[in-house]
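A.B. asks: sequence first, then the predicted structure, then my questions.
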Amino acid sequence: MKQPMLDPWKSPVSYKAQDMATLLRRAMDKLGWEYEREGGEMVYDKIMVIMPMMRVAHIYRFVVGKPLEITIDTYDTRPTHSSYIPWMVIKGMEHTDILEVKRLTDLVLTQLPRPPWIFTTTQRVNHGYLMPEFNKAKRAWKLLGYDSFKKWKADKPAKPRKEKRER
């Protein structure tokens, strides 16, 4: 009997759930995976003053039948009044499924301007710069085989160097 790798694999991502769901659908179509789309809701806590209040998030769910049997959920949470933290959850993934899941996430990552474990400064400030979700994302993506702790640089054109003037 196979043991689950992480059931579920769960990571905060830096892109909204609806955008991630669109990219996942395109990638699964491109790979020829058989899946069904479902919707749903999940309960999470939002901190109001000092009391946690229950809230409900809409889930974009993909129930994959072939080539592997997993369920992928994406949803947005609003833990504070000024921030949202999107999440991606993969349920039913086993050690032998990592390469197939990585093929899917590789296709998704090629369509993003930055990796999903890199959060913008605005996201970090709004949520709380030192909150654990940012490192949770890096650890989760590292389990899928990505070098998420490596310093990431955007593909920007190099700035021209200023010539030194002779005195």
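C.D. replies: Structure received.
A.B. asks: spit out the contact partners of residue 91.
C.D. replies: If a contact means Cβ atoms under 8 Å, 6 or more residues apart in numbering, then residue 91 has 7, 8, 9, 70, 71, 72, 73 as its contacts. C-beta coordinates here come from the backbone N, C-alpha and C atoms, glycine included.
A.B. asks: could you list the buried residues of the helix or strand of the chain with the lowest mean pLDDT?
C.D. replies: None of the helices or strands of the chain scores lower by mean pLDDT, DSSP states H and E than strand 34-48, at a mean of 79. By neighbour count on 16 or more other Cβ atoms under 10 Å, the buried set for strand 34-48 is 35, 44.
A.B. asks: same check, this time on stretch 118-131
C.D. replies: By neighbour count with 16+ other Cβ under 10 Å, stretch 118-131 contains the buried residues 118, 119, 123, 124, 126, 127, 131.
A.B. asks: and of the residues you listed, the nearest to residue 141?
C.D. replies: Residue 141 has its nearest neighbour among the buried residues of stretch 118-131 in residue 118, at 9.9 Å by Cβ to Cβ.
A.B. asks: for residue 77, helix, strand, or coil?
C.D. replies: Following DSSP: H, G, I helix; E, B strand; the rest coil, we place residue 77 in the strand state.
A.B. asks: so it makes contact with residue 89?
C.D. replies: No. Contact between residue 77 and residue 89 fails when scored by Cβ atoms under 8 Å: they sit 11.7 Å apart.
A.B. asks: who has more neighbours, the two?
C.D. replies: Applying other Cβ atoms under 10 Å to residue 77 and residue 89 shows that residue 77 carries more neighbours, namely 20 against 17.
A.B. asks: ok, which stretches of this structure are strands?
C.D. replies: 9-12, 34-48, 51-66, 70-80, 83-91 (DSSP state E).
A.B. asks: lowest average pLDDT across these?
C.D. replies: The minimum mean pLDDT among the strands of the chain belongs to strand 34-48 (a mean of 79).
A.B. asks: not counting that strand itself, show me its contacts.
C.D. replies: 25, 28, 52-66, 73, 75, 77-81.
A.B. asks: sheet-wise, list the partners of that strand with their directions.
C.D. replies: strand 51-66 (antiparallel) (DSSP bridges).
A.B. asks: quick one, the strand it pairs with and strand 83-91 angle?
C.D. replies: Between strand 51-66 and strand 83-91, the angle comes out at 40 degrees (axes from the mean of the first three to the mean of the last three Cα atoms, to 10 degrees).
A.B. asks: residues of strand 51-66 that come out buried?
C.D. replies: For strand 51-66, the neighbour count (16+ other Cβ under 10 Å) marks 57, 59, 60, 61, 62, 63, 64 as buried.
A.B. asks: cheers, nothing more for now.
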